[in-house]
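Colleague: predicted model follows, preceded by the sequence.
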Amino acid sequence: MRCSLFVCLIIGALFSYGAGVDPSNFKTCEQSSFCRRSRKVQSAGSKYALIRGTLNTYSDSLTADLINKENHHQFTLKLEALVGNTFRLQIDEKQPLRPRYRVEHALKGKPETTRISVEESDELTITVGTSKAVIHGDPFRIDFYEHDVHVVSVNAKNWLYFEHLRQKAQTPPEPAEGNDQAQQQQQDQQDNSEEVQPASEPIDDPGAWEENFKSHHDSKPYGPQAVALDFSFPAAEILFGIPEHADSFQLKSTSGTDPYRLYNLDVFEYVVDSKMALYGSVPVLYAHGPKRTAGVYWQNSAESWVDIYTTETNVVSSLVNFVSGSRKSTPPVAHFISESGIVDAFIMLGPQPLDAFKQYAALTGTHELPQSFALAYHQSRWNYNDERDVTSVSAKFDEFNMPMDTMWLDIEYTDGKRYFTWDKFKFPEPLTMIKNLTELGRHLVIIIDPHIKRDNAYFFHQDCTENGYYVKTREGNDYEGWCWPGSASYPDFFNPVVRDYYASQYDLSKFKTVSKDVMIWNDMNEPSVFNGPEVTAPKDLVHYGNWEHRDVHNLYGHMHLMGTFAGLKQRDPEQRPFILTRAHFAGSQRYAAIWTGDNLADWAHLQHSIKMCLTEAVAGFSFCGADVGGFFGNPDSELLERWYQTGAFLPFFRAHAHIDTKRREPWLFPERTRAVIKSALLTRYSYLPLWYTSFYELEQTGAPVIRPLLTHYPADKEAFAIDSQLLVQHRLLVRPVMQQGVSKVDVYFPAIDDKKNGDYWYDVDTFQRQERAGYESIPVTDDKIPVFQRGGSIVPKKERPRRSSKLMLNDPYTLVICLDRQGKAAGTLFLDDEKSYAYRNGESIYVNYEFANNQLTNRFITKPLYKSDAWIERIIIAGLGYVPIDATITAKGISQKLEIEQRSNGAIVVRKPAVKMNVDFALKLNAA
């Protein structure tokens, strides 16, 4: 019977994976009782006030008590000032029946606080530098100002909602008529109940104490415990953030629809233009206007929903404003709703977009600088069949002169879905296979999921069972769900002992059939449970610390990553780990890259790869990509070509496909398609120095690698919502071709001021210059998409084709200099051994190149302690306006003349400067 059930479930899962997502398998807000209750507050408002006489001020914070004036329940409030123009607001019950969960492990460390000054009058004013918070007592509200500009309000709509913990009311039996003694006993019981149960408004919602969804029952032993709070943004015009959703970059109004949902779920063939929850939940939201950007990080790991209310201009509202003489409109509002936990909100005051992004990074951290191979091209499918298949695919890339760095193995490499094992028939000599890849300069990534096969002969399951390492049911038993192995249980990664045990399995003394260069893919870690409610774990499971799964659900994948990262670091402390994860939460970027999950081979999903990764990037996850070609379905040649061209300009670049799709390695397509794909791959590899430098600067500053246009053009309203284009730092503008059969696309060149002046933008292939701001129709061909380099930037490249990035380490550099209107340009380059942590000890070269007054100079930002054999082999300058007769380079006190070559496109090339990367030099152009 057990075997039959397993077969049915797996067949059902595979069928579902082929049939596409059924939205009815996932809750709406109306079906989620806490969302339903919290949303009702929007019509009635709530009544919270500060309690006079409870204020306490400290050097960096203040505390006070809040009261719900309807039920008289009291809460504690703490407002704390943090370094970097950020405030932290926490609200909790003053005397909860049991502790409420506070998120751990999301922040990179304890935030650094700063001194405040407090002025008390009718309101409380907390001042920190150029920022201040004004607290209004009744009704409770906090207004935040940056340079006296009102940018954020907390509870301006009076939608604060905090369900305090309570004891479930007991329904006494009806006494027999005329039984005075029974009536007296009933009255006594009610009196006693009132003594232990805090005052509360009645909650008559049928889902408050237990809830059913389809065939699943949630026992809710602690009853209703939702928290919700509204944030208004008076200086903003658009809101964006709160990934992960397959939707536009700009958040849409949820009036009359469901809110955006944040609840990590296994959703296959997800629909686009949807607010449905997906694999990750990052509860950070930004508000942007022409003069100010601000943000809110809502630190809560329970299921959450976010309502968005934006100004919708119509004829009536326009007439009202005209008659009243008002130019003001209702500011956009975000209403965060979570099932449990406390209010823990970070208010980031910008003032510019890049400031807000960096403020969030200062809280939750950044990606580590990845190894170079991780930024190159990855080849994957579910599944490469055996060792011969892996070897053949690798060899074919060489045969067709296409670069490729990493082969990937999905679940079928294991012995019956038992992780840390190999199928001995398909992969009898994994170490030999790995060694052969390594000798070619390539890597292998294997999948390790969190569902553990319940097999008494499987060592991992034995250890977890004997030591109590699995997540528990309410009754204290090991939870048993169903996933790819069949019957499976799930390690409780919240327990540090379990994380340590799991991490230890990566040690080469235990996992003997891999090398220290094999990296890891953590999938299905939402967690995915095929027979669970909404394809995930029941909320009333119990984790380490006696916390319910409902409290920590969105953190489960994050804790899985922490264990994997620790295991790889312990395996080889000198090597930077590479991990890809599907589930993620705030802070997961410190451990892993992400991808957009189970997408489809269609044009809409190609378009959404840009929208989704832009949103993830501003939420801390620059290292984002989408399955090239689409996970499900079979792309035609045109779609596959355009997807490679697009993927080449997303930070994570991997082709991946479902087990039931046709093989789609590049050489299986016609020669024209092979040529287009090869060109896209070579383009990616040529820009690896830029990608590598961008990730180093992300780690140092928190500035995203890919960015929406508004990042650097904050006053250009036309650019606010554009999500068909992206910036790579502030150096490249990329507009992929994501429509079928087009010969031209509209590219928007953003304005730098209110007079619609724009930067210069140079086509990266022809160096044709765009000088006007606004939309331009740009011709495209099969093998070309619009990519432009900003005038005023210098981009480092490597232009010698190799089979893998490892073999490019000492290859020479090309510097591409595109001049601005003043004839100037600047740009940075970072290089090191591309593998170890030695760069953190200074063994690197970090240099800034500047061109002005017809001269190129370099300035080392840090002392160049890395010994590189690389050198500069050419310098390309576009926008010069004349052709020098030659150039003079001076290095180490020695000067020599260099040849100048003029290209037909107007650019000039300085050939063979031959200066090493760690040497100071000056290069002067000599006019006729």
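Modeller: In hand now; what should we look at?
Colleague: ok, which stretches of the stretch 151-300 of the chain are helices?
Modeller: Under the criterion DSSP state H, counting those that start in this stretch, helices of the stretch 151-300 of the chain are mapped to 180-196.
Colleague: what do you get for the stretch 601-750 of the chain?
Modeller: Assigned by DSSP H, counting those that start in this stretch, the helices in the stretch 601-750 of the chain fall at 603-618, 637-647, 671-686, 688-701.
Colleague: ok, now the stretch 351-500 of the chain?
Modeller: With DSSP H, counting those that start in this stretch as the criterion, the stretch 351-500 of the chain has helices at 353-364, 387-399, 430-439, 459-467, 496-504.
Colleague: how about the CA coordinates for the third one, as CSV?
Modeller: What follows is the C-alpha trace of helix 430-439 in CSV, where atoms were taken according to Å, rounded to 0.1, in the frame of the first residue of the first chain:
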residue,chain,number,x,y,z
PRO,A,430,32.4,10.0,-10.2
LEU,A,431,35.9,11.1,-9.1
THR,A,432,37.3,10.3,-12.5
MET,A,433,34.5,12.2,-14.2
ILE,A,434,35.1,15.2,-11.9
LYS,A,435,38.9,15.1,-12.4
ASN,A,436,38.4,15.1,-16.2
LEU,A,437,36.2,18.2,-16.0
THR,A,438,38.6,19.9,-13.6
GLU,A,439,41.6,19.3,-15.9
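Colleague: elements contacting that helix?
Modeller: With contacts taken as 3 or more CB pairs under 8 Å, 6 or more residues apart in numbering; DSSP states H and E, helix 430-439 sits against helix 387-399, strand 443-447. Heads up, the C-betas are built off the backbone N, CA and C, glycines and all.
Colleague: point out the most buried one among the ones you listed.
Modeller: Comparing the helices and strands packed on helix 430-439 by mean neighbour count (mean count of other CB atoms under 10 Å), strand 443-447 ranks first with a mean of 22.
Colleague: for the helices and strands packed on helix 430-439, which one sits closest to Arg100?
Modeller: Distances from Arg100 to each of the helices and strands packed on helix 430-439 were compared using CB to CB; the minimum, 35.8 Å, belongs to strand 443-447.
Colleague: tell me how far that closest one lies from the chain's centre.
Modeller: Averaging C-alpha positions (CA atoms, centre = their mean, to the nearest Å) puts strand 443-447 22 Å from its chain's average.
Colleague: what's the answer for stretch 93-104, then?
Modeller: Relative to its chain's centre, stretch 93-104 lies at 28 Å (CA atoms, centre = their mean).
Colleague: quick check: which of the helices of the stretch 601-750 of the chain is nearest to His378?
Modeller: When those are compared for distance to His378 using CB to CB, the nearest one is helix 637-647, at 10.0 Å.
Colleague: give the buried residues for the closest one.
Modeller: Within helix 637-647, the residues that qualify as buried by neighbour count (16 or more other CB atoms under 10 Å) are 639-647.
Colleague: and if you look at stretch 797-815?
Modeller: Of all the residues in stretch 797-815, those buried under the rule 16+ other CB under 10 Å are 797-798, 801, 803-809, 811-815.
Colleague: how does this protein divide into domains?
Modeller: Each domain of the chain is listed here as a residue range: 34-162+225-364, 372-449+515-528+549-701, per automatic domain parsing.
Colleague: any chance of these in JSON lines, with mean pLDDT too?
Modeller: What follows is those, written out as JSON lines (pLDDT from 0 to 100):
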{"stretch": "domain 34-162+225-364", "mean pLDDT": "94"}
{"stretch": "domain 372-449+515-528+549-701", "mean pLDDT": "98"}
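Colleague: make TSV out of these and add distance to His712.
Modeller: Compiled in TSV, these are given as follows (distance: least, CB to CB, whole Å):
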stretch	distance to His712
domain 34-162+225-364	8
domain 372-449+515-528+549-701	13
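Colleague: determine which stretch of those is the most buried.
Modeller: Mean neighbour count (mean count of other CB under 10 Å) peaks for domain 372-449+515-528+549-701 among those, with a mean of 22.
Colleague: in three-state terms, label Glu901 for me.
Modeller: Using DSSP: H, G, I helix; E, B strand; the rest coil, the three-state assignment for Glu901 comes out as strand.
Colleague: right, and it touches Val909 too?
Modeller: Yes. With the criterion set as CB atoms under 8 Å, Glu901 and Val909 qualify as a contacting pair; they are 4.3 Å apart.
Colleague: give me the more crowded residue out of these two.
Modeller: With neighbours defined as other CB atoms under 10 Å, Glu901 and Val909 compare such that Val909 has more, 15 against 12.
Colleague: now do the same contact list for the more buried one.
Modeller: Contact analysis of Val909 by CB atoms under 8 Å, 6 or more residues apart in numbering lists 874-877, 900-903.
Colleague: rewinding a little: and of the domains of the chain, who's closest to Ser793?
Modeller: Short answer: domain 372-449+515-528+549-701, nearest of the domains of the chain by CB to CB, at 10.0 Å.
Colleague: the closest one: end-to-end distance?
Modeller: Domain 372-449+515-528+549-701 stretches 20 Å from its first residue to its last (CA to CA, to the nearest Å).
Colleague: same thing with stretch 883-896?
Modeller: 19 Å.
Colleague: and it, what's buried?
Modeller: 884, 887, 889, 891.
Colleague: figure out how far that stretch is from the centre of its chain.
Modeller: 46 Å.
Colleague: pull the residues that contact it.
Modeller: Residues external to stretch 883-896 that are found in contact with it (CB under 8 Å, 6+ apart): 854, 897-900, 902, 908, 910, 913, 915, 919-928.
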